[in-house]
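Novice: Mind folding the following:
(chains A and B)
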Amino acid sequence: MKFTDVFLQTSTKILVFIIMTFSIFILFAGHHNPGGGFIGGLITSSALVLLYITFDLQTVRDIIPVDFNQLAAGGVIVSVLTGTASFLFHVPFLTQTFTYVDLPLLGNTELASAVIFDLGVYMTVIGTTMTIITSISEDEK
Amino acid sequence: MSNVLILPIIIPLLTGMVMIFFRRRIRLQQWLTVVSMLLTIGISIVIIQQISHQGILVLDVGGWQAPYGISLVGDMLSALLVLVATFISLICTLFAFGSTDNDHKVHFVYPYILLLLCGVNGSFLTGDIFNLFVFFEVMLISSYVLLALGGKKIQLRESIKYVIINVISSTLFVIAIAYLYSITGTLNMAHLSERIATIGQDGLLTTVSLLFLTVFALKSGLFLFFWLPSSYSAPPPAIAALFAALLTKVGIYAIMRTFTLIFYHQPEITHTIILCMATITMILGALGAISHWQIKKILAYNVVVAVGFILFGVGMATLDSLTGALFYLLNDMLAKALIFILGGAIISIFGTDKLRNFSGLILFRPSLGWLFFIASLALAGVPPLSGFVGKVIILKEGVQEGHLIMSVIGIITSLLVLYSVMKIFIHSFWGETLLIEGEQKATGTNALLPGYILVTLIIGMGLGAEWVLSYVEQAAEVMTNPSIYIDAVFKRNS
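Specialist: Residues are numbered from 1 along each chain as shown, chains lettered A, B, ... in the order given. Reported below is the predicted structural model:
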């Protein structure tokens, strides 16, 4: 480890948490305010890229053992399946619905089906972005 | 509301995505592909039946009414094309099982074929011109990968050209859509048609329509086909067959849709240009087909000739000529898939595509030889095969409408097409055999099953033309009378 890495690594360890929290906030804010799965996914990816820059590829892969290809595919499946739920309720494809539920700790919370769709988008964006970035930065095997 | 319309788009998409989790399990992927395509075929038959009984199906996605939301519109034109496109993908995939190497298979070749199908079906079914662009992109991105997959030198060279051409045409597509939106303020195709009918198609709108024509001509290989022959001869045979049967056809569909539904007010400009482009396409395509001595090039130029001929029918824009054009389009998808599959088999047997190095295959591959013979006749439109019916309708209409020169060119190019494929037949099947003992049974057998299925269908479609025409006419009726389409989208019962 080079001396200059100390600053980078120490600050990264803190920053990644802040960025991750912010991205999840953005993801859920997206239902009513600017934000959503796409931006949330990009912000999460930026946190992951920061990890890749600070530590090396192998370390990050040990910390986050996720196949980003599969994450992207899973995201598409989640999103499309949210849409297909419309077949069960006999409404047009991708119709959204919402309800208010009293949850412990959170109080009266709005639960919307669009958020599940957004979650799929979030997964797809992270998966795609990370696949692109890692495959460009990777060496030939 | 008919949710069934979304199924031909999402079934291939979901199956393709599920397969990413089973990267190494090729057998499972093959089963999943076949099952999902069969399912899609079944659903598109259901859709066709529903349309023929209840009229055009419309799905307002997310419950948002047209023109505010995005609608999927299934009329007979789209439904027939979805059925044939899915069927062709199934046949080409069956051929791909045996003809692509293992390296291809672990690199997601089946998911990409399914994504391509998702984009193709989406382009046919969408009722929104921006969504047409989106589905075009889905289709094109999959085709970029399928073209480059394998990484041979020629593939990489051709895919760079192909990507550049398509990126340029897609850019023009978005620009054209932006112009259209700034003039009319809507993107829903039914709404566009209605608004343009109200405000009149002035010079500006006609110019925009010509921009659309340029874009679709680039995609479908109408006149601007300079990229097509070399691109289509680069990928492995199964993929080339898929491209030849599907990709240009989506461009043709887009021309048919936009110039019958939206820009039909100034046929003396737009449709005349389409007819001129179609004529030049037929002539140049036929010249290309007879001048080359490589199977792949000859077949690729045959794709070009057919595009010209179909657009000849579209350009006249009468009920009969559109019926003929659609019938010939459906036939051409089957025939092109067939001839590319058989051509691919011949190339894999000889290990080269130079015609002069071939001979004497009929002794060892009689069934392949006869299949190829029938396929050649089908391409040229010899009765009782299905190509005949479409050609007769278009040519008859051409003579009646006074396009005599074009009709003559149509007939001459048909003969040249026949000559070009017969040249392949004669050189590869006649004469002394050059094959040694080991080569005789090694390759090319996997083309037989897809070949038999397609030949049966082509003969069936020729003999049962009356029955097929009853559906095709319903599609042509909507094309000549846009108000049926518009009323269906806005749910007015006239």
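
Novice: what about the residue lying closest to B:Val304 once chain neighbours are set aside, which helix or strand?
Specialist: Spatial nearest neighbour of B:Val304, excluding adjacent residues (CB to CB, 6 or more residues apart in numbering or on different chains): B:Gly285 at 3.4 Å. (Glycine included, C-beta is placed from N, CA and C.) Per DSSP states H and E, B:Gly285 falls inside helix B:270-291.

Novice: circling back to that earlier point, what score does the residue nearest to B:Val304 have for pLDDT?
Specialist: If you check B:Gly285, the pLDDT there is 92.

Novice: how close does it sit to A:Ser137?
Specialist: 45 Å (CB to CB, to the nearest Å).

Novice: more crowded one of those two?
Specialist: Neighbours were counted for B:Gly285 and for A:Ser137 using other CB atoms under 10 Å in any protein chain shown; B:Gly285 has more, 29 against 11.

Novice: so who does the more buried one touch?
Specialist: B:225, B:301-308, B:413 (CB atoms under 8 Å, 6 or more residues apart in numbering or on different chains).

Novice: ok, now A:Ser113?
Specialist: Contacts of A:Ser113 (CB under 8 Å, 6+ apart): A:82, A:85, A:96-98.

Novice: Most neighbours among those, which one is it?
Specialist: A:Thr82 (19 neighbours).

Novice: Just to check, it is in contact with A:Val121?
Specialist: No. With contact defined as CB atoms under 8 Å, A:Thr82 does not count as touching A:Val121 (10.1 Å).

Novice: about what we covered before: I'd like the contacts of A:Ser113 as JSON lines, with pLDDT appended.
Specialist: Output for these, formatted as JSON lines (pLDDT from 0 to 100):
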{"residue": "A:Thr82", "pLDDT": "88"}
{"residue": "A:Ala85", "pLDDT": "83"}
{"residue": "A:Gln96", "pLDDT": "80"}
{"residue": "A:Thr97", "pLDDT": "79"}
{"residue": "A:Phe98", "pLDDT": "80"}
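
Novice: and those residues near chain B, which?
Specialist: A:Gln96 (CB under 8 Å from any CB of the partner chain).

Novice: Not counting the host helix or strand of B:Phe212 itself, show me its contacts.
Specialist: Element membership of B:Phe212, judged by DSSP H and E, is helix B:203-220. Here helix B:203-220 makes contact (CB under 8 Å, 6+ apart) with B:136, B:165-166, B:168-170, B:172-173, B:175-176, B:179-180, B:183, B:196, B:201, B:222-224, B:227, B:247-252, B:254-255, B:258-259, B:262-263, B:266, B:269-270, B:273-274, B:277, B:307, B:311.

Novice: Chain neighbours aside, what residue packs nearest to A:Leu71?
Specialist: A:Gly127 (3.7 Å).

Novice: what sits against the one you found?
Specialist: So A:Gly127 contacts A:68-75 (CB under 8 Å, 6+ apart).

Novice: Restricted to helices, list the residues you listed.
Specialist: Among those, the members found in helices (DSSP state H) are A:68-75.

Novice: between these, which is nearest B:Tyr110?
Specialist: Proximity of the ones in helices among the contacts of A:Gly127 to B:Tyr110 was ranked by CB to CB; the top entry is A:Ala73 with 13.1 Å.

Novice: Quick one: distance of stretch B:270-283 to the chain centre.
Specialist: Offset of stretch B:270-283 from its chain centre (CA atoms, centre = their mean, to the nearest Å): 19 Å.

Novice: residues making contact with it?
Specialist: B:206, B:209-210, B:213, B:217, B:221-223, B:225, B:255, B:259, B:263, B:304-305, B:307-309, B:311-312, B:314-317, B:403, B:405-406, B:409-410, B:413.

Novice: Kindly report the same for stretch B:352-363.
Specialist: B:233, B:293-296, B:298, B:346-347, B:349-350, B:368-369, B:423-424, B:427-435.

Novice: Show me which of those residues are buried.
Specialist: Neighbour-count burial (16 or more other CB atoms under 10 Å in any protein chain shown) applied to those gives B:233, B:294-296, B:298, B:346-347, B:349-350, B:368-369, B:423-424, B:427-429, B:435.

Novice: Let's see which of the residues you listed end up in strands.
Specialist: Among the buried ones among the contacts of stretch B:352-363, no member falls in strands (criterion: DSSP state E).

Novice: Now intersect these with the helices, please.
Specialist: Reading helices off these with DSSP H, I get B:295-296, B:298, B:346-347, B:349-350, B:368-369, B:423-424, B:427-429.

Novice: wait, which of the residues you listed is closest to B:Ala325?
Specialist: B:Ile298 (24.0 Å).

Novice: Give me the neighbour count for residue 34.
Specialist: Unless you meant another one, I'm taking chain A. A:Pro34 has 8 nearby residues by other CB under 10 Å.

Novice: my question was about chain B
Specialist: B:Val34, neighbours per other CB under 10 Å, totals 15.

Novice: Contacts only, for it.
Specialist: Neighbours of B:Val34 in contact, by CB under 8 Å, 6+ apart: B:90, B:93-94.

Novice: Quick check: of those residues, which lies closest to B:Leu457?
Specialist: B:Leu90 (11.8 Å).

Novice: quick one: B:Ser138 and B:Tyr112 touch, right?
Specialist: Small correction: residue B:138 is Val, not Ser. No. Look at B:Val138 against B:Tyr112 with CB under 8 Å: they stay out of range, at 10.9 Å.

Novice: by contact count, what packs against the strand or helix carrying B:Asp487?
Specialist: Element membership of B:Asp487 [criterion: DSSP H and E] is helix B:482-489. Helices and strands touching helix B:482-489, by 3 or more CB pairs under 8 Å, 6 or more residues apart in numbering or on different chains; DSSP states H and E, are strand B:57-60, strand B:71-74, helix B:189-199, helix B:465-480.

Novice: Can you lay out the ones you listed as a markdown table showing distance to chain A and mean neighbour count?
Specialist: Below are these laid out as a markdown table (distance: least, CB to the nearest CB, whole Å; neighbours: other CB atoms under 10 Å in any protein chain shown):
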| stretch | distance to chain A | mean neighbour count |
| --- | --- | --- |
| strand B:57-60 | 5 | 22 |
| strand B:71-74 | 8 | 26 |
| helix B:189-199 | 17 | 20 |
| helix B:465-480 | 22 | 19 |
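
Novice: Dump the ones you listed to JSON lines, plus mean pLDDT.
Specialist: Conversion of those to JSON lines gives the following (pLDDT from 0 to 100):
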{"stretch": "strand B:57-60", "mean pLDDT": "90"}
{"stretch": "strand B:71-74", "mean pLDDT": "91"}
{"stretch": "helix B:189-199", "mean pLDDT": "91"}
{"stretch": "helix B:465-480", "mean pLDDT": "91"}
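
Novice: Which pLDDT value belongs to whatever residue of chain B ends up closest to chain A?
Specialist: With CB to the nearest CB, the shortest gap between chain B and chain A falls at B:Ile20, namely 3.8 Å. Per-residue pLDDT puts B:Ile20 at 88.

Novice: Can you get me a residue count around it?
Specialist: 20.

Novice: One more: B:Met282?
Specialist: 26.

Novice: Just give the closest residue to it, not the sequence neighbours.
Specialist: Counting by CB to CB, 6+ apart, the residue nearest B:Met282 is B:Gly308, at 3.6 Å.

Novice: Can you check the pLDDT for residue 36?
Specialist: All of this is about chain A. 85.

Novice: um, chain B though
Specialist: For B:Ser36, the predicted pLDDT is 95.
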